[in-house]
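>>> This is a predicted model, with the sequence first.
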Amino acid sequence: MFRQQHHGLFVNDCFCLVSAKSRQGIPLTGDARLRRVVNKHDVEVHGVLWLVEELAAAGACPTSLLKAAFRAWQGYAIVFLPPVEASRRLRSLEGETAAG
């Protein structure tokens, strides 16, 4: 149904949307097209940067692991992180390590 309504979505995108709606989940994506569709269906959506902030704020993940993930993601072509925002958050994580 979603794929017929939104021709630009892939099958995985549709599965993501259906899963989020039926299980009250939060899709994580940097894909602008999927974000627009998800928002039209009143489903909360976020990206990887939000997830990292949530993990850091909750203390659910060591800062060193979050920093390593940022560095690794910056090297992957399939992972899009806005360069300015990603650098700002990485500096913030590095500051937390220095302060703590």
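Perfect, thanks for sending it.
>>> Have a look at the protein and report its longest helix.
In the chain, with assignment by DSSP state H, the single longest helix is helix 83-99.
>>> which residues touch that helix?
Residues outside helix 83-99 that contact it (CB atoms under 8 Å, 6 or more residues apart in numbering) are 49, 52-53, 56, 63-64, 66-67, 70-71, 73-74. For the C-beta atoms, the positions are set from N, CA and C on the backbone; glycine is no exception.
>>> And residue 100, what's its pLDDT?
With respect to pLDDT, residue 100 scores 50.
>>> on that earlier part again, buried residues, the longest helix of the chain. List them.
Using 16 or more other CB atoms under 10 Å as the test for burial, helix 83-99 gives 86, 89-90, 93.
>>> now it, how far from the chain's geometric center?
Relative to its chain's centre, helix 83-99 lies at 17 Å (CA atoms, centre = their mean, to the nearest Å).
>>> do stretch 67-74 as well
13 Å.
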